[in-house]
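>>> Pasting a predicted model and its sequence here:
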Amino acid sequence: MRGRRPLPAQARRAADYLDKANRSLNAAADAPRRWHADLVPMQRAANDLEAQARAALERLRSADPAAAAAGW
């Protein structure tokens with residue numbers, strides 16, 4: 001059984017380009033997953049802050065009827 005012959009230079013370059021394209025495509029496909037992982041905790045924090053703001057506004061309205069009348 002004979003050993004493999006080395007690929008011609010043009011074939012090596014093509015294989016190299018395909019490998020780079022594959023890595024690039026994989027990185028691009030992974031970006032939305034990374035964004036999602038980053039955004040989920042931010043969304044939770046935003047929801048918590050909004051809930052705290054609503055609670056504070058309700059306390060203000062209860063403590064100061066003028067604030068409620070002013071549209072707060």
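Nice, I can see it. Numbers count the residues shown, from 1 in each chain.

>>> Tell me which other helices or strands the helix or strand where residue 44 lies touches.
Assigned by DSSP states H and E, residue 44 belongs to helix 9-63. Applying 3 or more Cβ pairs under 8 Å, 6 or more residues apart in numbering; DSSP states H and E, we find helix 9-63 packed against helix 65-69. (Glycine included, C-beta is placed from N, CA and C.)

>>> List the contacts of the helix it packs on.
For helix 65-69, the external contacting residues (Cβ atoms under 8 Å, 6 or more residues apart in numbering) are 60, 61.

>>> before we move on, back to that, what does the average pLDDT come to for the helix holding residue 44?
Summarised as a single mean, pLDDT over helix 9-63 is 95.

>>> From the chain's centroid, how far away is it?
For helix 9-63, the separation from the chain centroid amounts to 0 Å (computed by Cα atoms, centre = their mean, to the nearest Å).

>>> same thing with stretch 54-71?
In this view, stretch 54-71 has its centroid 36 Å away from the chain centroid, taken as Cα atoms, centre = their mean.

>>> got the CA coordinates for it in CSV?
What follows is stretch 54-71, C-alpha atoms only, in CSV (Å, rounded to 0.1, in the frame of the first residue of the first chain):
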residue,chain,number,x,y,z
ARG,A,54,-43.8,50.6,40.6
ALA,A,55,-43.7,49.7,44.3
ALA,A,56,-42.0,53.0,45.2
LEU,A,57,-44.5,55.0,43.1
GLU,A,58,-47.4,53.2,44.9
ARG,A,59,-45.9,54.1,48.3
LEU,A,60,-45.5,57.8,47.1
ARG,A,61,-49.1,57.9,45.9
SER,A,62,-50.3,56.4,49.2
ALA,A,63,-48.2,58.8,51.3
ASP,A,64,-48.9,61.9,49.3
PRO,A,65,-52.4,62.2,47.7
ALA,A,66,-51.2,65.4,46.0
ALA,A,67,-48.6,63.3,44.1
ALA,A,68,-51.3,61.0,42.9
ALA,A,69,-53.5,64.0,41.9
ALA,A,70,-50.5,65.4,40.0
GLY,A,71,-50.3,62.3,37.9
